[in-house]
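S.K.: With the sequence up front, the predicted model follows.
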Amino acid sequence: MIETATLPEALEITCKNCGAELVLEAHLRTAECPYCASTSIVERPSSGVRVDPTFALGFVVERERARALATQWIKSRGIFTKSDFKKAIPERGRGLYMPVFLYGAIAHTTYECDIGENYTETYTTIDSKGRPVTRTRTVTEWRSLAGRHTTYVQDVLVTASRGIPNALLEKVEPFDLRALRRYTPALLSGWIAEEASVSSEECRKLAHDESLENVGRELDGFMPGDHHRNLRYQTRLEDEVSELVLLPVWVFAVRPSETEDPIQILVNGQTSEVAGDVPRSWVKIVAGVLVGIGLAFLVWIVIASLFLID
């Protein structure tokens, strides 16, 4: 059973199915009753920080599949990963609708660049025996280029959750945004949904800066010729739009040992992509460096002995 209500900051709600008193955490918009497993969905008024979602993506990956993916990802980390971490098993996971701002804009750019065009030329030289020899070589001719470039920056996603950093979100992208659906509270039934804890202004600035970086990379590939250098450009973003969307992710917390903080692992609930921070073992790293130095020294001794034999 779904309860939809409009509440201020008060977080005490009543389950409409069994009457139990529930406490809803301030950063969430859904709560599951521990007595009857029904879901309560709380629609808070919009404010400067709290914005209503516009779209949402549905979950495709189920819990057991997500846990198996996270376990496989942990075990497949490199040889310099801490052994305790590689043995860890993510027993519990949360299917979470994560708040993210979807940003788009039109980018107008003016640029200047040096373009290099390769061509082959034939020349004659004298070899070691004094005979003329005809050869070819590749020569690059450089010329200046200036112009304008206009593109539409779209599908830029930035986290609106302080619990999941933007760098971690980027590692499980992309999402297939063609499957976005208009948000309704019923979509959240049975799932945890987090409120946006980062302001829209802060997210817009982050998306703005990321978009400028994307334009730079696109412009770098747009340049003609065989080579280019000294690319200089200025970009102006217009008609900026951003919408709050809810994206499906599975969140696992793995603690390598009792004395260490838990490590967050994220699984894309739509595409199955997995990412997280990998704890490195400095003992293994130092041992690997020493082994490498030892092997290099051994190779040097073998080569030196061969020269002495000759």
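M.R.: Looks like it came in fine.
S.K.: Kindly indicate whether Val51 is helix, strand or coil.
M.R.: Three-state call for Val51 (DSSP: H, G, I helix; E, B strand; the rest coil): coil.
S.K.: bridging residues for the closest residue to it other than its chain neighbours?
M.R.: Nearest residue to Val51, sequence neighbours excluded (CB to CB, 6 or more residues apart in numbering): Leu244, at 4.8 Å. C-beta here means a position set from N, CA and C on the backbone, and glycine is covered the same way. Leu244 forms beta bridges with Phe101, as assigned by DSSP bridges.
S.K.: Which residues lie in contact with Leu244 in this structure?
M.R.: Each residue near Leu244 by CB atoms under 8 Å, 6 or more residues apart in numbering is listed here: 51-54, 99-102, 160, 196, 200.
S.K.: any idea of the mean pLDDT for stretch 293-310?
M.R.: The average pLDDT within stretch 293-310 is 70.
S.K.: How about stretch 139-147?
M.R.: For stretch 139-147, mean pLDDT rounds to 94.
S.K.: Same check on stretch 174-186?
M.R.: 91.
S.K.: Work out the gap between it and the centre of the chain.
M.R.: Distance, stretch centre to chain centre, for stretch 174-186: 18 Å (CA atoms, centre = their mean, to the nearest Å).
S.K.: now swap in stretch 54-69 and tell me
M.R.: 17 Å.
S.K.: start to end distance for it?
M.R.: 30 Å (CA to CA, to the nearest Å).
S.K.: same question, stretch 182-196
M.R.: First residue to last in stretch 182-196 (CA to CA) measures 17 Å.
S.K.: Same question for stretch 76-89.
M.R.: 13 Å.
S.K.: Please renumber the chain so that the first residue is 285 from this point on.
M.R.: Sure thing, new numbering starts at 285, so read that last one as stretch 360-373.
S.K.: what about the strands in this structure?
M.R.: With DSSP state E, the ranges of strands along the chain come out as 286-289, 296-298, 305-307, 314-316, 323-326, 339-340, 377-410, 416-443, 465-466, 476-477, 511-538, 547-552, 558-560.
S.K.: Quick one: mean pLDDT over the third one.
M.R.: So that's strand 305-307. Strand 305-307 comes out at a mean pLDDT of 52.
S.K.: cool, the second one as well?
M.R.: Throughout strand 296-298, pLDDT has a mean value of 59.
S.K.: Break this structure into its domains for me.
M.R.: Per the record, the chain has its domains at 285-329, 330-397+427-563, by automatic domain parsing.
S.K.: Need the winner for burial among those domains.
M.R.: domain 330-397+427-563 (a mean of 17; mean count of other CB atoms under 10 Å).
S.K.: In a markdown table, list the strands of the chain along with distance to Gly500.
M.R.: Converted to a markdown table, the strands of the chain look like this (distance: least, CB to CB, whole Å):
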| stretch | distance to Gly500 |
| --- | --- |
| strand 286-289 | 44 |
| strand 296-298 | 48 |
| strand 305-307 | 47 |
| strand 314-316 | 39 |
| strand 323-326 | 42 |
| strand 339-340 | 28 |
| strand 377-410 | 9 |
| strand 416-443 | 11 |
| strand 465-466 | 33 |
| strand 476-477 | 35 |
| strand 511-538 | 7 |
| strand 547-552 | 26 |
| strand 558-560 | 24 |
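S.K.: Which among those strands is found nearest to Phe459?
M.R.: strand 511-538 (5.8 Å; CB to CB).
S.K.: quick one: the closest one to strand 547-552, angle?
M.R.: Relative orientation of strand 511-538 versus strand 547-552 (axes from the mean of the first three to the mean of the last three CA atoms, to 10 degrees): 110 degrees.
S.K.: which one in this structure is furthest away from the centre?
M.R.: Gly414 (61.9 Å; CA atoms, centre = their mean).
S.K.: Phi and psi next, for it.
M.R.: Torsion angles at Gly414 (phi, psi; degrees, to the nearest 10) stand at phi 80, psi 10.
S.K.: Give me the pLDDT for it.
M.R.: 82.
S.K.: Any idea what Thr422 is bridged to?
M.R.: Beta-bridge partners, per DSSP bridges, of Thr422: Thr404.
S.K.: how many neighbours does it have?
M.R.: 9 (other CB atoms under 10 Å).
S.K.: Give me the residue ranges of the stretch 335-484 of the chain where confidence is low.
M.R.: Along the stretch 335-484 of the chain, the parts satisfying pLDDT under 70 run over 361-370.
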